[in-house]
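> Just need the structure, nothing else, for what follows:
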Amino acid sequence: AGEDPAPTDYVFASGKGRPLSEMAGLMLMRRMEAFADFTPHGLRSTFKDWASEQTEFPRELIEEQLAHQLGAVERAYKRGSAYERRRPMMEKWAAVCAGELPAGTTGNVVPMRQNAIR
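Purely as a prediction, here's the structure:
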């Protein structure tokens, strides 16, 4: 709605403010002709490849963004979410997804547009 997101906001939220289920994401993408052959997990993999290969963002920020589990020792000491440190990475990723920035050498990121939903 044009407002800055809160750290607790979801990128893909249901109408009830909860995260979309994997199946809801899959069904949404199937209805979007340009994304019918993709999966939500494929979006995560694409982000990981882009962030790891095309940027200088630290691995721990990338893993935090993907909500991957840390090893037991790291998990015992980690308390924060690094939200503000992750913001520039996600703003850059949003620009790539919108087609405002090149994806890099992979060349397989398809811009997501609001009008792609039927």
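> pLDDT weak spots in the protein?
1-2, 70, 72-80, 105-118 (pLDDT under 70).
> redo that, cut-off 50
Counting by pLDDT under 50, the chain has low-confidence residues at 106, 116, 118.
> Do a quick rundown of the helices in the chain.
22-31, 40-54, 59-65, 72-77, 83-97 (DSSP state H).
> As JSON lines, these with mean neighbour count and distance to Gly104 would be great.
Bear in mind the C-beta positions are built from the backbone N, C-alpha and C, glycine included. Output for those, formatted as JSON lines (neighbours: other Cβ atoms under 10 Å; distance: least, Cβ to Cβ, whole Å):
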{"stretch": "helix 22-31", "mean neighbour count": "14", "distance to Gly104": "22"}
{"stretch": "helix 40-54", "mean neighbour count": "16", "distance to Gly104": "4"}
{"stretch": "helix 59-65", "mean neighbour count": "16", "distance to Gly104": "15"}
{"stretch": "helix 72-77", "mean neighbour count": "8", "distance to Gly104": "29"}
{"stretch": "helix 83-97", "mean neighbour count": "15", "distance to Gly104": "8"}
